[in-house]
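Q: Provide a 3D model corresponding to the input given below.
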Amino acid sequence: MQNTTYETIVKRLDQLEKGLLDIRQQVDILLNAQNESKKRFKSGEEVMAFYASNKQENAKVIESVFADIYEQMGVPHDFKPMSVTEVRESMRQNGIRPEDNEFSRAIIAEREK
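A: Alright, predicted model coming up:
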């Protein structure tokens, strides 16, 4: 900590403030939606109708959250996951036999170390 300069501290505080602002905005959005739902809805059907009417907005929020998660994991933006069937076929083509349970055995072996 002795080598930490004033500029480094200022930069870190700036990053922290920006992060807190993002969190505060997200919490405000959630609280506003929650307050709206308490005022407006009297039945489960009304709640479902509300969420159905906001599918596009909800999809954008979910997409944004997953984009952030993928970025933190180092997954490229143009990554398209394969279906389970495609993964199994790819594994079979590369000589992996499901009945050998190689993956499960490797996990168990690592746990037992």
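
Q: which SS class is residue 77?
A: Using DSSP: H, G, I helix; E, B strand; the rest coil as the criterion, the local structure at residue 77 reads coil.

Q: so how far is residue 68 from it?
A: Between residue 77 and residue 68 the distance is 11 Å, computed by C-beta to C-beta, to the nearest Å. The way it works is simple: take the backbone N, C-alpha and C, and place the C-beta from them, glycine included.

Q: so between those two, which is more surrounded?
A: The neighbour comparison of residue 77 against residue 68 (other C-beta atoms under 10 Å) goes to residue 68, with 11 against 7.

Q: quick check: which element contains that one?
A: With secondary structure defined by DSSP states H and E, residue 68 is part of helix 55-73.

Q: low-scoring stretches of the chain, by residue?
A: When the per-residue scores of the chain are filtered using pLDDT under 70, the ranges that remain are 1-6, 31, 33-42, 47.

Q: try 50 this time
A: Counting by pLDDT under 50, the ranges of the chain that qualify are 1-2.
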